[in-house]
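[1] Sequence and predicted structure below; questions after.
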Amino acid sequence: MDDLNVPGYRQPWFSHPMIKKEKLKHMKIILTLFIALTSGFLSTAQSTKDLFLTKSFSKESLENIYARTSGGSIEVSGASTGDTRLEVYVHANNVKNNLSLSKEDIQRRMREDYDLNISVSNNQLEAVAKQKSGNLDWKRSLNISFKFFVRSDVSTDLHTSGGSIHLSNLRGSQNFSTSGGSLDLEKLSGKIVGKTSGGSIRVANSDNDINLKTSGGSIKATNCKGNIKLLTSGGSLSFTNLSGNIESRTSGGSIHATNISGEFSTHTAGGVINLLDMKCSIDASTSGGSIDVESTSLGKYIKLSTSSGSIDLQIPDKQGLNLNLKASKIKVNTLNNFSGTKEDDFIKGTFNGGGVPVDVRTSGGRISVNFN
């Protein structure tokens, strides 16, 4: 008997066609989210079981690592003791294929489609993985990654076309590049030269000679010292606790720095600049943003410029300065011991008898100077 035909029967609210439709819609959303989360979990879990082979080099006196791979990441970790070891990880580039491939499938594809050469010669360990010529089917492509465990005084020459590079606890000369991944660097000392065409850069607790470049990512540097050069064409710059001769530049991002000592040069074509607790010489400019600087200990000079934003500068009191300020409007909290020209839009002269050059100018904004 159909309940809908019983006199006085009222259809339950949860069985109404619109309610059913909404419930079905929500169930579909939940199911979609579940599948996405499950796929992500499986993908992450899968990446930990892809060890293809391990090689140890206990009797070798290795000084250099040379590595090339077309699609995977490269990691080099240094230690004061222990044997040198190389781990090779392989998985399919396509996540769906990787879940369905067995170890036998991986081994067969490696034999048929790839050349993997691992050798030692003249104190150098070489690991090179590349596709065989003529085998360029992307559906069958594999991701081949290297992990090296070496003495900390080993130097490196590394390149990957599509993965990230991670270096830690190394001394010596490190030269590395990737066409599509990030750089993650920790506790390096020596000559460090690295670049990426499309990823971010993080460097921490490193020193000596650091030269890093990315064409499309941000750069973060923490607790580093020495000659430091950091360049990006399209990301932000973030620096904390740096000392030495520091040069940095971005073509399209903001710049934030805290606790910098030595000489600091930084420039952006389109972002704001925020510098706090600066104990250094400063040369900073932006073509399209404001500048905010807190100098707690002056270096040899301060040079700030922007084409269209305002500039706020805090500097120590009782410091001898040569002031050269130019803006649409200038505000200074005190100039009791000043000698020179003082106008609403132009100030030039000596403060407290003269000393450190302070050259600050903006084409379309104001300047505010506070002595603390």
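    Happy to help now that I have it.

[2] neighbours of Ile228, just the number please.
    26 (other C-beta atoms under 10 Å). Quick note: C-beta positions are derived from backbone N, CA and C, even for glycine.

[3] actually Ala257, not the one I wrote
    Per other C-beta under 10 Å, the neighbour tally for Ala257 reads 26.

[4] Check Ser80 too.
    Other residues close to Ser80 by other C-beta under 10 Å number 8.

[5] Tell me how far the closest residue to it other than its chain neighbours lies from Val356.
    Closest residue to Ser80 apart from its sequence neighbours, by C-beta to C-beta, 6 or more residues apart in numbering: Ser152 at 5.8 Å. Look at Ser152 and Val356: by C-beta to C-beta, to the nearest Å, they are 41 Å apart.

[6] and what of Thr214?
    Separation of Thr214 from Val356 (C-beta to C-beta): 34 Å.

[7] repeat for Leu167
    When Leu167 is compared with Val356 (using C-beta to C-beta), they lie 39 Å apart.

[8] In terms of neighbours, single out the busier of those two.
    Remark: of Leu167 and Val356, Leu167 carries more neighbours, 25 against 19, as counted by other C-beta under 10 Å.

[9] and Ser155, bridged to which residues?
    Note on Ser155: beta-bridge partners by DSSP bridges are Asn64.

[10] Please enumerate the strands of the stretch 201-350 of the chain.
    For the stretch 201-350 of the chain, applying DSSP state E, counting those that start in this stretch gives strands covering 201-204, 207-214, 219-232, 237-250, 255-268, 273-286, 291-295, 302-306, 311-315, 321-326, 329-332, 338-342, 346-351.

[11] Can you add distance to Val88 and mean pLDDT and give the ones you listed back as TSV?
    Shown next, in TSV, are the strands of the stretch 201-350 of the chain (distance: least, C-beta to C-beta, whole Å; pLDDT from 0 to 100):
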stretch	distance to Val88	mean pLDDT
strand 201-204	25	98
strand 207-214	27	98
strand 219-232	30	98
strand 237-250	34	98
strand 255-268	39	98
strand 273-286	44	98
strand 291-295	49	98
strand 302-306	51	97
strand 311-315	54	97
strand 321-326	60	98
strand 329-332	63	96
strand 338-342	69	96
strand 346-351	64	97
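
[12] To Gly194, which of those strands lies closest?
    Among the strands of the stretch 201-350 of the chain, the nearest to Gly194 by C-beta to C-beta is strand 207-214 (5.1 Å).

[13] What strands line up against the closest one, and which way round?
    strand 183-196 (parallel), strand 219-232 (parallel).

[14] Of all the residues in the last one, which ones are buried?
    By neighbour count, with 16 or more other C-beta atoms under 10 Å as the criterion, the buried positions of strand 219-232 are Ile219, Lys220, Ala221, Thr222, Cys224, Lys225, Gly226, Ile228, Lys229, Leu230, Leu231, Thr232.

[15] And Leu323, how far from Leu101?
    Leu323 is 69 Å from Leu101, by C-beta to C-beta.

[16] Compare neighbour counts for those two and give me the winner.
    Leu323 (24 against 19).

[17] Now do the contacts for that one.
    Contact analysis of Leu323 by C-beta atoms under 8 Å, 6 or more residues apart in numbering lists Phe338, Gly340, Ile347, Lys348, Gly349, Thr350, Phe351, Val358.

[18] Against Val332, how distant is it?
    Taken as C-beta to C-beta, the span from Leu323 to Val332 is 9 Å.

[19] Between the two, which contacts overlap?
    In contact with both Leu323 and Val332: Ile347, using C-beta under 8 Å, 6+ apart.

[20] can you count the residues close to Gly320?
    A count of nearby residues for Gly320, using other C-beta under 10 Å, gives 13.

[21] surely it meets Phe351?
    Yes: Gly320 is within contact range of Phe351, at 7.0 Å (criterion: C-beta atoms under 8 Å).

[22] Closest to Val120 out of the contacts of Leu323?
    Nearest to Val120, judged by C-beta to C-beta, of the contacts of Leu323 is Val358 at 57.9 Å.
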